[in-house]
Every structure is written in structure tokens, then in C-alpha cells.
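Engineer: one predicted model, sequence on top.
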Amino acid sequence: MSTRHVLAPILAVGTLAGSAVAFAQDPAPAGTGAQEIIRPQPVATAPDATLASPDGSIVVKVTTDTDGRPVYTVTRKGELIVAPSRLGFLFTDQPKIERNMRVVAVTRDKGDTSWTQPWGEWRRIRDNHTSMRVRLMETSALKRTMDVVFQLQDDGVGFRYEVPDQPNLHTANIADELTEFNIASDGEAWWKPAFKFNREEYLYQRTPISGTGTVATPITMKLASGTHVTIHEAALVDYAGMNLRKAEGQQFAAVLTPGAGRPKVVKQGSWTTPWRTLLIADNAGGLYMSHLMLNLNEPNKLGDVSSWVKPGKFVGVWWNMITGKWSWARGPQHGATTQHVKQYIDFASANKIPGVLVEGWNIGWDGDWFGNGNAMNFSQPTEDFDAAELQRYAKAKKVYLIGHHETGGSASHYEDQFDSAFRYAVDHGIPAVKTGYVTDAGQIERVDPDGTRSREWHEGQWMVGHYLRVVQAAAKYHVSIDTHEPVKDTGLRRTWPNWIAREGSRGMEYNSWEGKNPPEHEANLAFTRMLEGPMDFTPGILSLKGSNDSDILSTIAKQLALYVVLYSPVVMAADTPEHYAEYPGPLKFIRDVPTDWDDTLVLNGEVGDYVTFARKVRNGRDWYIGSITDENPRDLTVTLDFLDPGRTYTAEIYRDGPGARYDTAAQHQIAIETRRVKKGDQMVLSLAPGGGQAIRLKAA
């Protein structure tokens, strides 16, 4: 695996003719990237800090204003995207870093490598970038320094702070960042609120950029010019998650997620922040096709995981719990019984679905566990769950069980059980575990070694560390993790490829309850939440029925299309065996569609309106197409120019039937047909209101 080139660090700060200067390291060895070094200069003549992306389309410039505040700008194809925006930090115990600063040194580098994902939407990822390190020093007596490192691809900008150890900043008690994103023009924004009780699980709002509030990232914008921009972050490690507070006009200021203590982040010695990222593209599809976030993460630390990280579909007892038929707690409605789980194992085996998720199998669910999971025991099953028998039965049926660790927000209690919990998983043939943190935002329970109890936010610095500790502990036992109520995805699946999926938005369960997801929801997700990474959305409810027999706002064809549109390497066939028995035709598509891909294309799309994806199966020639729309019907024309030349394909088409629409009994209407196609052919995808279309292109 190739690694991306890293800027040579600036080693020391000295003086020349009475002026502060910075000294840069000698050029890197041959073959590590073409590096340009700006040699030390007196601060009276600050070096130029301008960087262009590989094709020159994106340009970043760092300067200081008349008060010595560092600011950066971003332009793309001559269009100002980010107007002068400030950089810096606010501390709880010393003066902020923001004024009276000078650019004292600049180094530049570039790299062009490729690397392979063990699983994902693309097998090969190209990392073609330029980079620039800008050293800033205070002209005041403190003389504190910080580097701002930029990395540019042709489709985006990443930047982060790298702060060297120094006497006047050995311990950094960070109250907040002073990072700004001053979007240069108004337009539309798709966003959800930050700091609400329900964590990340809110519908996306569509407002003018100037009409947003305090938002959780990613936020996606379409400027008046048509240019699309998404702000997010990459490689969130040992730091607080970043949100954005709308200041005035289109100006956003970074707001870090609080922790239990007064500083939001505490760092010592030399330290870095996560990368702040801006994806920039001509259209919505261009945002999705960017690999910037993955490229800003460190390479795989686990080596070859092919023998134990297994993409695949699964079924489980979950939907009957969501609809209220069964319960997580013990009693007459208990879902995770030996008998029930065997029924799902039989169904999975008959349909060649490799996994069966079991929730509510362990001691601790009885009573009020919401926000209080201290009774949860992740190595002790209930008396009506025969773990040894189910392990034997599943293995005989060539199926494996997927575990579930619901913490109820008691994160420290979970950490105390890491070894016993993951050893239990290994001993019972469980290769993957779904975790959960069901409690209100700001109510995670933390217990320090001295017994001190405090409450944390899901995306505060301590919890960011906790989520990664889970993944690292699981990796020791070759167990993969699917996190629910998670920290946002920032590309860490590259570094820790056993972090296979997350929730982090409103999933299928909201379609069972009052206040259902509207038809536009999944078209919003495609260009907002899905820009983070895989989401465990749990599609495939062919009955289109939720709690109290309420209607889900979808068509059957759309439920099938979601398997292609909303990517996850582990994806659920979420309905029940008896409901799937009523729809053998659509069930065939769910059986056939893979969860791991060689290539992905966005064929068309507008944020919140519609989107069409094409994905090529890993280690094969077949392609799959998934297309969905909002409440409006659409006819979308796609050209099959991505198929192999000279090869014939059978298109197995699952489309909305006559009169189908999401809000009537006709939502169950589906037409299944086949036709022969080849490279260059056009297909018209007719989508009903709230509908979709799913296609398998089977190579001859």
C-alpha cells in the first residue's frame, strides 16, 4: 500500500538580523515527492503562501490582515468560494492565538500515488495532491507559533493546525477554535441542527445559506453560480467534533463539541487538529466522487484483514422490536429467543444471506436502560437464549451471528468489559458487533479511575477517544464494529478497516414511528450524510408497514434501489421472513445485490430531489443501478457508457408499477422485466412519486 507524501516539518525558529525567521528541513529523499522550500526570510518580507491544486483549478492563499490576524481564501476556476476567513484558537487559561501574527515560513510539496481499499465503493483510490505548510508566529512577547497545513486535490481542500511543543504552549486548554468559513456568495444549503437532544438524528433542512443556524457537519451548499460545496472534517482523533455556527450572512465559525470539563479539548506537547475539509464540485455528483476525506486519513494499521472483515448482508429480529411486536427485555414478547433466532437462521440460509443480527440477547435489558446501561453484561445471555446451540445451528446452516452491545450511554461500563465481551464474540463465532449509545446528547456516563462520574457528549473529545478504543479493542479479537448513535464518520475506516459502518442519521426505524421520513430524505442523505461514509440505514421493508400497521412513505422499487444508493459493506434485509415470502420477485434482488464494489459512478442527481448510482461488483463484471426520487415523479435518462465494450448484458429491471406512488395503496405496485443492453445504450428510468428503480446488469 502506498502512503501519501507528508510535508517536511519545520524544525526550529531562530533570528536573523534581529528579525524572527523559521528554518525548514532539508528536502526529502528522492522519490518522496517534489518539494519546494522557501528559505528563511525576515518577517518584514513575509513569504508568499499561495498553493494551487494539481490542475490549477483550486487556489488557496494565506495572508495576515492589518491587525495581524491570519486569514485564508479559496478560489476555484476564478470564482471566490471562501472569502477571507480567520484562523486561530481560544484558550481557557491564556490569551487567544489570533492577532499580531506573521507568516514566517512556507514549504510546499506534492504527491501522486494510489492505494487499495480492502472493501468499499472503489477498489483503487488515487491520491493526487499538492500541499503547503504555513508557519505563523506571534510578534508579541509570547512568540507562540502554529503551522497551518493545506492539502489540495482538484475537487477539494483540506487543512489542519499542527502546533509544535513550545514553552508558552506546552499544555493547550482549548476553549474553541477561531476557524471561519466565510462563504463568498449566498445560495441554498442542506443541513441539520447541532447540539440537539437527539444527536445526529434529525431531518435535513433546505434554506438559504444565510438562513442556517448552528449546524452539524457535513453541510452541503449550492452557490448562486451552481458550484457545490460541502464542509466537513477528516481524521477526527483525540479531539472534539466540529460544528458550525452561522455568524452573519454566509459566514460560519467552527464550534467544538463540549466535554465534561471546562476546556473542550486538552492537548500537550506537539499536537494536531483534524482536517477541516471543503469538497468543491460543479454538481452534486462531483461531491460524492471525491476521495479527499479518505486520502487525508492515515493508511491501514491492521494489515491484511481479508480473512476476518467480511462485507455482506444480514437479517435479524430487529424490525419486530421496532414495530412493537417483540421486545428487547425478557418476558412473553422477548425477541431474542432460541426459537426466534433459529427461524431467522433458516431464512438466511435458504436465501444465502450470511449474517443474522440478534439484539436483546444479553442480561441488562429489563427495566429502564435508556441512558443507564450499567446492568448490561456482554458475555452473559438470557436464560431463553442458548448461545452454544445457536452457534452450532448457525454454523451447520453456513450462517454466522452478528452481536449487539447496547451501552445505554454507559461508556465506561462498556470499556470495563472489552476483553470479556469480544472474547465471548470470538468464542461464539461472531465476526461483527453492532454497538449502541442510546441516551440523550450530553448524557454519556463517564467514570474515571478515581470513581469520579461525569456526563459527556457523543462527539466530545473523550467520547471520540472511546469510539476508537472500541474499534481497537475489537481488532485485537478480529471483530468488526458497526456503531449506532456514533461519532460522525471522518474516514477512519481507511486506518481501521474493521470499522465497517455507522448509523449517524435518521434510518429506517423512523419510518415505523410517527413523524416518518419524507420521500426526499434518502435523496438528501446521498449528498450529505453519505459524504461521510457507510451508513447502516437498514432498507428492504417490502411490506411498507411500520408500527400500528402505519404506511411507510415509499414504494417497493425504492426499497430495492436503496441497496445501491445508500452504501454500507454490511446491510440489512430488515423485514421479516413472513413478509419476504409475500414478495419473492423483489426478494430475489435483495438476495443478488452485493455489498462490496470495484467502482462507483453517480449518473445524475440533485441534492434532496433525486439521484442515480451505478456500482460495479467487486471481482466481477456485473453492474447495479439504483435510482430514487422525492415526492415528484421523474423520467431520468442514463447512458450505459460504463459497460464493457463488445459485451452483452441482461438488464433485470425492478421498477414502479402502473399507478404506483408512495402515499396510496398502489405503493406496492412493482413491475419486473428484462431486456438486453450493451455499452452506449440509453435507458429511461421512470420513477413514481416517492419511488425508485433498481437494475442488475448481468454480463453475458
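Structural biologist: Structure's in. What do you need? Numbers count the residues shown, from 1 in each chain.
Engineer: from here on, just use CA atoms for contacts and neighbour counts.
Structural biologist: Fine.
Engineer: so, low pLDDT: which residues of the stretch 201-350 of the chain?
Structural biologist: For the stretch 201-350 of the chain, no stretch has pLDDT under 70.
Engineer: would you say Gly360 is within a helix?
Structural biologist: No: assessed with DSSP: H, G, I helix; E, B strand; the rest coil, Gly360 is coil; it does not lie in a helix.
Engineer: so what's the closest residue in space to it that isn't next to it in sequence up against?
Structural biologist: Spatially, and ignoring its direct neighbours in sequence, Gly360 is nearest to Trp328 (4.4 Å; C-alpha to C-alpha, 6 or more residues apart in numbering). Applying C-alpha atoms under 8 Å, 6 or more residues apart in numbering, we find Trp328 in contact with Met321, His334, Gly335, Ala336, Glu359, Gly360, Trp361, Trp365, Asp366.
Engineer: can you lay out the residues you listed as CSV showing distance to Pro118 and neighbour count?
Structural biologist: Converted to CSV, those look like this (distance: C-alpha to C-alpha, whole Å; neighbours: other C-alpha atoms under 10 Å):
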residue, distance to Pro118, neighbour count
Met321, 33, 19
His334, 38, 17
Gly335, 34, 27
Ala336, 32, 29
Glu359, 28, 22
Gly360, 31, 26
Trp361, 31, 30
Trp365, 36, 22
Asp366, 39, 15
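Engineer: which of those residues lies closest to Ala501?
Structural biologist: Minimum distance to Ala501 across the contacts of Trp328 is 17.0 Å, recorded for Glu359 (C-alpha to C-alpha).
Engineer: wait, doesn't the closest one sit right on Asn320?
Structural biologist: No: taking C-alpha atoms under 8 Å as the definition, Glu359 is not a contact partner of Asn320, at 10.9 Å.
Engineer: now list whatever residues contact both of these two.
Structural biologist: Each of Gly335 lies in contact with both Glu359 and Asn320 under the rule C-alpha under 8 Å, 6+ apart.
Engineer: on the three-state scheme, Asn548 is what?
Structural biologist: Under three-state DSSP, the three-state class of Asn548 is helix.
Engineer: pLDDT at it, what is it?
Structural biologist: Per-residue confidence (pLDDT) for Asn548: 96.
Engineer: same check on the one 4 residues further on?
Structural biologist: Looking at Ile552, its pLDDT stands at 98.
Engineer: now do the contacts for Ile481.
Structural biologist: Ile481 makes contacts with Ala432, Val433, Lys434, Thr435, Val471, Ala474, Asn498, Trp499, Ile500, Ala501, as judged by C-alpha under 8 Å, 6+ apart.
Engineer: the helix or strand that it is a member of: what's the following helix or strand?
Structural biologist: Taking DSSP states H and E as the definition, Ile481 sits inside strand 480-483. Counting by DSSP H and E, the next helix or strand C-terminal to strand 480-483 is strand 499-502.
Engineer: other SSEs contacting the helix or strand following that next one?
Structural biologist: Using DSSP H and E, the helix or strand that follows strand 499-502 in sequence is helix 521-525. Helices and strands touching helix 521-525, by 3 or more C-alpha pairs under 8 Å, 6 or more residues apart in numbering; DSSP states H and E, are strand 623-629.
Engineer: using CSV, write down the CA coordinates of the strand it packs on.
Structural biologist: Below are the C-alpha coordinates for strand 623-629, written out as CSV (Å, rounded to 0.1, in the frame of the first residue of the first chain):
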residue,chain,number,x,y,z
TRP,A,623,-23.2,-3.6,-12.6
TYR,A,624,-26.1,-2.5,-10.4
ILE,A,625,-28.1,0.7,-10.8
GLY,A,626,-30.2,2.3,-8.1
SER,A,627,-32.3,5.5,-8.7
ILE,A,628,-34.6,7.2,-6.3
THR,A,629,-36.7,10.4,-6.3
